[in-house]
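>>> the following block contains a protein sequence and its predicted model.
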Amino acid sequence: MKRGLFEIGPILLKGLILCLLATHANASTRAYVTNTNSNTVSVIDVDGRAVIDTIPVGLQPIGIAVDEASRRVYVANANSATVSVIDARSNTVIATIPVSGQYPEGVAVAPAGGKIYV
């Protein structure tokens, strides 16, 4: 069956989390989607309707947030108790931050920037 931009088969999608990052005026918009079972984040060119990159992150990535000002993507990795920091320009992990507690599932960027909440 066809839904939205992509073909979806008979697989049940649980907890799909999607964040968008608008790039420069002449470039396309990108979506960042966590892939919990493969421990990756897919980068999707929304205009081109294609996955353009897949980034390895920590174990069981669930929560995701984008800071447009710094062009960073933050990914909460539940089973490794970390947050992966992705540089949206290069689509590479530039830092892995350990967090206290078990199973971080959510992450948010402060509206004024400069802080993330896990």
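That came through, no problem.
>>> number of residues surrounding the closest residue to Ala88 other than its chain neighbours?
Among residues not flanking Ala88 along the chain, Arg71 sits closest, at 4.3 Å (C-beta to C-beta, 6 or more residues apart in numbering). For the C-beta atoms, the positions are set from N, CA and C on the backbone; glycine is no exception. For Arg71, the number of neighbouring residues by other C-beta atoms under 10 Å comes to 14.
>>> thought Asn91 was touching Arg71, still the case?
No. Look at Arg71 against Asn91 with C-beta atoms under 8 Å: they stay out of range, at 10.7 Å.
>>> how far does the helix or strand where Thr34 lies sit from the chain's center?
Assigned by DSSP states H and E, Thr34 belongs to strand 29-35. Put simply, strand 29-35 sits 5 Å off its chain's centre (C-alpha atoms, centre = their mean, to the nearest Å).
>>> residues contacting the helix or strand following it, please?
Downstream of strand 29-35, the first helix or strand assigned by DSSP H and E is strand 40-45. Strand 40-45 is contacted from outside by 28-35, 50-57, 61, 64, 73, 75, 84, 86, 91, using C-beta atoms under 8 Å, 6 or more residues apart in numbering.
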